[in-house]
Every structure is written in structure tokens, then in C-alpha cells.
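Student: For reference, the sequence and a predicted model appear below.
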Amino acid sequence: MDRKFLMILILGFGFMFVFTAFQTMCNIEKTILDSISKEDDSFKGEGYTSLAIIYLFFSLSNWLAPSFISFTGPRVAMVVGAMTYTAFMITFIFPTTVLLYVGSAVLGLGASITWTGQGTYLARCSESTTISRNSGVFWALLQCSMFIGNLFVYYQFQDKTVIDKDTRNLVIGVLTLIAVLGIVFLAALRAMADNAEHDNELEQKHTGCGQAMYALKSAGQLFCTKKMLLLSLAFFYTGLELSFFSGVFGSAIGFTTKIAETPKEIVGLVGICIGAGEVFGGGLFGILGNKTTRFGRDPIVIAGYVMHMAAFFMTFINLPNSAPFKDTTDISYLDPPSASIALACAFLLGLGDACFNTQIYSMLGGEYVNNAVGAFALFKFTQSVAAAISFFYSSHFGLYVQLGILVVMGTIGTIAFVFVEWGFKRQHREQEALEK
């Protein structure tokens with residue numbers, strides 16, 4: 001097996017285990033904290049606020065991630081960052097409001113170097129002919145995390161309207177151990193040479209501080225380019241829809257009491273269906289990597305947009321406006337709400353997300369190979385800013401307003417991505433014509 005592809009597999013398994021813990025916790029955090037507050041009146045921690053803090057610190061620290069990676073390299077950055085995910089899990093075993101929010105902030109700092117390191121390492125293991133395949137394979141492995149954790153949660157939460165302390169600690173303990181296994185995989189990654197074509201200015205930066213400052217400067221200059229500004233609109237949308245399906249959607253179903261006799265157990269199934277869509281999309285685009293490179297990324301992103309719009313419409317007619325906040329007997333247009341429709345929406349949300357993210361990874365790793373660190377840092381910066389904003393307004397806006405924001409930003413982001421993709425296609429055609 002090709003050594004670079006083996007490293008992609010190890011990278012995928014490492015992230016799969018770390019995010020089995022984190023994505024499962026995102027899916028159930030609101031439900032877990034609601035149960036804790038019912039047992040302990042002094043606990044005032046709020047799930048959406050915790051997630052908002054994570055993505056706020058994530059977004060701010062993304063500007064420093066390229067500088068950090070210039071010192072440590074992507075492998076060390078990913079290991080250090082993964083440790084902050086594990087630390088965050090442990091805070092739920094000792095629930096205090098201050099510890100929850102401090103753990104959220106620390107995780108946000110760690111997430112920036114984790115994801116920027118991942119994007120950089122993926123680019124180093126790829127070439128223009130393999131970036132689409134590698135992005136799809138990594139994404140499919142990553143999203144397998146949605147199966148393991150949520151299947152476990154489904155069985156643990158069965159027939160429970162309130163999640164008791166013993167159940168919480170068992171779930172959190174198992175998820176923490178799985179995150180540690182992920183760190184072991186990431187530590188096993190081998191060093192990969194930088195495949196960027198460095199310019200003379202960078203080569204003259206011999207000291208670590210010089211390289212760190214240059215990395216920060218390059219990221220700032222890249223952000224101000226026309227294509228990156230347009231791409232930022234697509235990045236922003238992926239942050240909004242990420243926060244919706246990872247934090248709001250599952251909680252809204254769990255709080256809709258008429259959707260099932262024990263709606264809390266459906267939360268685990270929602271995560272499994274989202275994961276099924278993510279894995280199916282990532283696997284499909286991994287297998288069809290060469291074809292997507294040849295025909296362009298825009299048809300896949302447009303397909304993802306259509307799937308998301310369908311999911312938002314079905315969610316609008318199925319779940320009540322008050323569902324994101326607390327247990328409610330309200331209904332929307334369907335009486336009673338349908339669990340089957342909710343699970344179908346979860347699958348479409350996952351598949352549509354895979355469409356967007358695999359093609360963004362493919363574009364950044366393929367078109368921005370000379371500044372992959374900066375490109376992936378800007379992607380995660382913009383995405384995490386959007387997620388932080390979304391989690392802040394999720395505590396105040398009803399479900400219907402949130403769906404309206406997603407529809408508007410999804411449309412704008414898709415159009416922007418398509419324009420950039422067309423620009424790269426035209427650029428490649430002109431380059432090929434000059435070479436003939």
C-alpha cells in the first residue's frame with residue numbers, strides 16, 4: 001500500500017475515535033446538562049452557551065494556528081489538540097458551571113490546531129490526482145464516529161426521560177477512553193514532507209519566530225483575495241449547518257414529547273442517521289474521486305444544497321418552533337410529529353454536509369497547496385465564527401427563524417462556491433491552452 005495513503009487511513013481512524021467522543025457529546029450535551037440541572041439546582045451550565053464558547057475560542061485562535069504549526073509541525077499539533085477534547089469530556093464527570101465553560105474555552109483553543117494540522121497533513125499526503133479521493137476517504141472514516149458513540153447512547157438512554165448520574169458517568173467514561181485511543185492513532189502518524197513550492201521569502205526565514213510571523217502574514221493576505229472572500233461565504237454556511245445538526249437538531253427532537261413515547265432515545269438514532277449520510281457521501285466521493293476532479297466540484301455542492309433545503313422544509317413542517325429550548329407538547333403542521341421524517345432529515349443533513357465539506361477540502365488541498373496551512377486555518381476560522389454565532393442565537397431564536405437563516409445563507413454560500421469553482425476551471429483551461 002502507498003505510504004501516503006496509509007497515513008491518510010491512520011489519520012482518519014485517529015479522528016474517528018477522537019470525534020466519536022466529541023460529536024456524540026455535542027449531540028447529547030443539551031440533554032445531559034438539562035438532566036444535571038434537574039438534580040443540582042446550583043448548576044447553571046447551558047449546552048448552547050458551552051458550544052458557543054467552544055466555537056468562539058476556536059475562531060479566534062485559528063489566526064494563531066499557522067504560527068503554532070510552523071513551530072511544531074502538523075503531527076504534534078493534532079496530538080496536543082486531541083488532548084483538549086479528552087479534557088473537555090472529563091469535565092462532565094465533575095459538573096460545575098465554571099469548569100464546563102473553562103473546558104469549552106480550552107477545547108476551542110485546541111480545536112484550531114487540531115483541524116489546521118489535519119488539513120495541512122492531508123495536503124502533504126495528497127497530489128492533485130489524489131486529493132479528492134483522500135478527502136472522501138478521510139471524511140468517511142471521520143464520520144463513522146457518528147455510529148459508534150450514538151449507537152451506544154441509544155441503548156444507554158432507552159426508556160429514560162431523565163438521564164441519571166450513573167448512566168451519564170458510564171457514557172462519558174466510555175467516550176473518554178475512545179478519545180484516548182484516537183490520540184494513540186494520531187501519535188502513530190509519520191512525518192510527511194511539505195509539498196508546497198516555497199518562495200524565496202519563506203526560505204530566508206531561518207528562525208521559528210520568523211516562520212511563525214510569515215505564516216500569520218500569509219494567512220492574512222490570502223484571506224483578502226477575491227476567491228477566498230467568496231469561499232468564506234460557503235465556509236460560513238458550513239458552520240451554521242454544523243451547529244444546527246450537531247447541537248440543535250437532535251435536542252429539538254428529544255424535547256418534542258409527542259414524537260415518541262421516549263423521545264430522548266431517538267436522539268441517538270438521529271446521530272446514527274446523520275453519520276450514515278456523512279459516511280455514504282464521503283465513501284462515494286472517495287470512490288469517485290477521479291471523476292469529481294474531472295467534472296468539477298460544483299455539481300456535488302449543488303446536490304448537497306438541494307438535500308439541505310429538503311431537510312429544512314421537512315423539519316419546518318415536522319417540529320414545533322419551541323423545540324430547541326425545553327420539553328414541549330407543541331406541534332407544527334404534522335400531528336403527531338413523525339420520527340421517521342426526522343430520521344430522514346438527519347440522513348439528508350449528513351449527506352449534504354459531506355457534499356459541502358469533501359469538496360471544500362478538495363478545493364483547498366488542490367488549489368491552495370502552496371499555502372495549505374493558511375487556507376485550512378481560514379476555513380476553520382470562518383466556519384467556527386459561524387458556529388459560535390449560531391449557538392449563541394440558538395438560545396434565543398425559535399426553530400423557524402433558525403431554519404430561515406440556514407436557507408438564506410445556504411443559497412448565498414452555494415452560489416459563491418460555484419463562482420469560485422468556475423473561476424478555477426477557467427484558469428486551468430487557460431493554463432492548458434498555453435502549454436499546448
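Tutor: That came in fine, so what should we check first?
Student: CA atoms for contacts and neighbours, from now on please.
Tutor: Will do.
Student: Show me where the stretch 51-200 of the chain has its helices.
Tutor: 65-72, 74-90, 97-124, 131-143, 145-156, 165-187, 200-203 (DSSP state H, counting those that start in this stretch).
Student: now for the longest one, which elements pack on it?
Tutor: Helices and strands touching helix 97-124, as assessed by 3 or more Cα pairs under 8 Å, 6 or more residues apart in numbering; DSSP states H and E, comprise helix 47-61, helix 65-72, helix 74-90, helix 131-143, helix 339-367, helix 372-394.
Student: Out of these, flag the one nearest Ile163.
Tutor: Closest approach to Ile163 among those is made by helix 47-61 (14.8 Å; Cα to Cα).
Student: Among the helices of the stretch 51-200 of the chain, pick out the one with the most neighbours on average.
Tutor: Across those, averaging neighbours per residue (mean count of other Cα atoms under 10 Å) puts helix 131-143 on top, at a mean of 27.
Student: what comes into contact with that one?
Tutor: Helix 131-143 is contacted from outside by 5, 8-9, 11-13, 15-16, 19, 122-123, 126, 275-276, 278-290, 292-293, 354, 358-359, 361-362, 365-366, using Cα atoms under 8 Å, 6 or more residues apart in numbering.
Student: 7 Å - rerun?
Tutor: 8-9, 12-13, 15-16, 126, 275, 278-279, 282-283, 285-287, 289, 293, 358, 361-362, 365-366 (Cα atoms under 7 Å, 6 or more residues apart in numbering).
Student: Which of these fall in strands?
Tutor: Of the contacts of helix 131-143, none are assigned to strands by DSSP state E.
Student: Give me the three-state assignment for the residue lying closest to Ile317 once chain neighbours are set aside.
Tutor: Nearest non-adjacent residue to Ile317, counting by Cα to Cα, 6 or more residues apart in numbering: Tyr333, 4.9 Å away. The three-state label given to Tyr333 by DSSP: H, G, I helix; E, B strand; the rest coil is coil.
Student: May I have the phi/psi pair for Tyr333?
Tutor: Main-chain dihedrals, Tyr333, degrees, to the nearest 10: phi -90, psi -20.
Student: For Phe347, see how far away it is.
Tutor: 21 Å (Cα to Cα, to the nearest Å).
Student: These two: who's more crowded?
Tutor: Ranked by neighbour count (other Cα atoms under 10 Å), Tyr333 and Phe347 place Phe347 first, with 25 against 12.
Student: so what pLDDT did that one get?
Tutor: Looking at Phe347, its pLDDT is 95.
Student: so how far is Ser112 from it?
Tutor: From Phe347 over to Ser112 (counting by Cα to Cα), the distance is 27 Å.
Student: which residues are contacting stretch 163-171?
Tutor: Ile32, Ser35, Ile93, Gln156, Phe157.
Student: Dump those to CSV, plus pLDDT.
Tutor: Converted to CSV, those look like this (pLDDT from 0 to 100):
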residue, pLDDT
Ile32, 81
Ser35, 81
Ile93, 86
Gln156, 80
Phe157, 76
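Student: Of those, select the buried ones using a PyMOL command.
Tutor: Buried residues within the contacts of stretch 163-171, by 16 or more other Cα atoms under 10 Å, are selected in PyMOL with:
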select buried, resi 32+35+156+157
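Student: ok, the contacts of stretch 163-171 vs Leu56, which is closest?
Tutor: Nearest member of the contacts of stretch 163-171 to Leu56, counting by Cα to Cα, is Ile32, at 21.7 Å.
Student: roughly how far out does stretch 343-360 sit from the chain middle?
Tutor: Offset of stretch 343-360 from its chain centre (Cα atoms, centre = their mean, to the nearest Å): 11 Å.
Student: List the contacts of it.
Tutor: With Cα under 7 Å, 6+ apart, stretch 343-360 has contacts from 135-136, 139, 245, 270, 273-278, 280-282, 297, 300-301, 304-305, 307-308, 311, 314-315.
Student: Just the ones of those in helices?
Tutor: Among the contacts of stretch 343-360, DSSP state H puts 135-136, 139, 270, 273-278, 280-282, 300-301, 304-305, 307-308, 311, 314-315 in helices.
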